[in-house]
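Colleague: Pasting the sequence and the predicted model now:
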Amino acid sequence: MEACWSLVLVAVEFVWSVVEGEVDGLVVDGCCWLGCCWYNRKGATTPMPKISKIAKSIEFAQLSPTSQDAAWMEIALEQARRAAELGEVPVGALVIKDGEILGLGHNRNLLDNDPTAHAEIIALRQAAARFGNHRLVGCEIVVTIEPCAMCAGAMIHARLARLVYGASDPKAGAAGSVLDILNHPRLNHRMQVTPGVSANKCSELLKSFFQAKRSATTRG
Ligand code: ZN
């Protein structure tokens with residue numbers, strides 16, 4: 001079991017080092033293989049470059065589906081941490097297809113003065129632009145918290161194949177906690193849902209963010 005988790009960590013470190021462009025020989029035209037690091041530098045809104053290469057190491061491909069989900073979630077969590085650094089609610093998301101990251105994002109509501117700028121929407125928009133289609137057929141989304149009604153609706157519009165999420169959201173979750181928009185019997189799209197991936201890490205991040213906010217308010 002320990003060996004298995006070591007393998008996951010190695011895979012996560014590898015994928016993340018590629019995201020960060022830190023692996024020698026993987027940098028293409030000033031960017032990394034994944035082509036997604038351009039967007040999420042602190043506050044950056046650089047236009048999307050035309051690159052998209054698959055970062056699929058042999059080690060990563062050999063992991064079990066559960067371990068792969070956990071590895072992708074580590075990248076979503078890193079996005080969520082970036083959101084927290086910027087004072088945004090720490091939620092991160094990525095859209096993947098066949099082991100390639102097509103879109104990556106974190107909450108940007110305050111940065112962009114945009115009520116729709118949830119991590120999932122940022123990642124979906126980026127993925128659709130790269131995919132060249134508003135229907136993201138066969139794509140999966142990984143997000144640190146259960147999506148809200150807006151994001152769940154966007155996932156249906158995008159025709160995603162699967163949602164992987166971390167913590168449940170008992171206040172606004174639309175994948176079963178408050179509403180069940182995904183897979184609603186009256187809607188015409190079905191999506192596989194995998195809940196609870198690295199749920200403790202995801203909820204701890206949110207808890208500590210809001211605790212710090214409350215402490216700052218009390219002190220002020
Ligand atoms: Zn949302």
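Modeller: Received it, and whenever you're ready, just let me know what you need. Numbers count the residues shown, from 1 in each chain.
Colleague: center of the chain, which residue is that?
Modeller: Centre of the chain computed as the mean C-alpha position; nearest residue by Cα atoms, centre = their mean is residue 93, 1.6 Å away.
Colleague: is the ion contacted by the helix or strand hosting that one?
Modeller: Using DSSP states H and E, residue 93 sits within strand 92-97. No. Strand 92-97 lies out of reach of the ion by Cβ under 5 Å from the ion, never closer than 9.1 Å. Heads up, the C-betas are built off the backbone N, CA and C, glycines and all.
Colleague: That strand pairs with which strands, and in what direction?
Modeller: Strand 92-97 sits in its sheet next to strand 100-106 (antiparallel), strand 140-145 (antiparallel), going by DSSP bridges.
Colleague: got the ones you listed as TSV, with mean neighbour count columns?
Modeller: Formatted as TSV, the strands paired with strand 92-97 follow (neighbours: other Cβ atoms under 10 Å):
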stretch	mean neighbour count
strand 100-106	26
strand 140-145	29
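Colleague: Out of those strands, name the one with the poorest average pLDDT.
Modeller: Among the strands paired with strand 92-97, strand 100-106 has the lowest mean pLDDT, at a mean of 94.
Colleague: need the next SSE after it, C-terminal direction.
Modeller: In N-to-C order, the element after strand 100-106 by DSSP H and E is helix 109-112.
Colleague: Flag every buried residue along that next one.
Modeller: Neighbour-count burial for helix 109-112 flags 109, 111 (criterion: 16 or more other Cβ atoms under 10 Å).
Colleague: Just the residues contacting that helix, thanks.
Modeller: 43, 86, 87, 88, 89, 115, 117, 118 (Cβ atoms under 8 Å, 6 or more residues apart in numbering).
Colleague: wait, which of these is closest to residue 200?
Modeller: Minimum distance to residue 200 across those is 18.0 Å, recorded for residue 89 (Cβ to Cβ).
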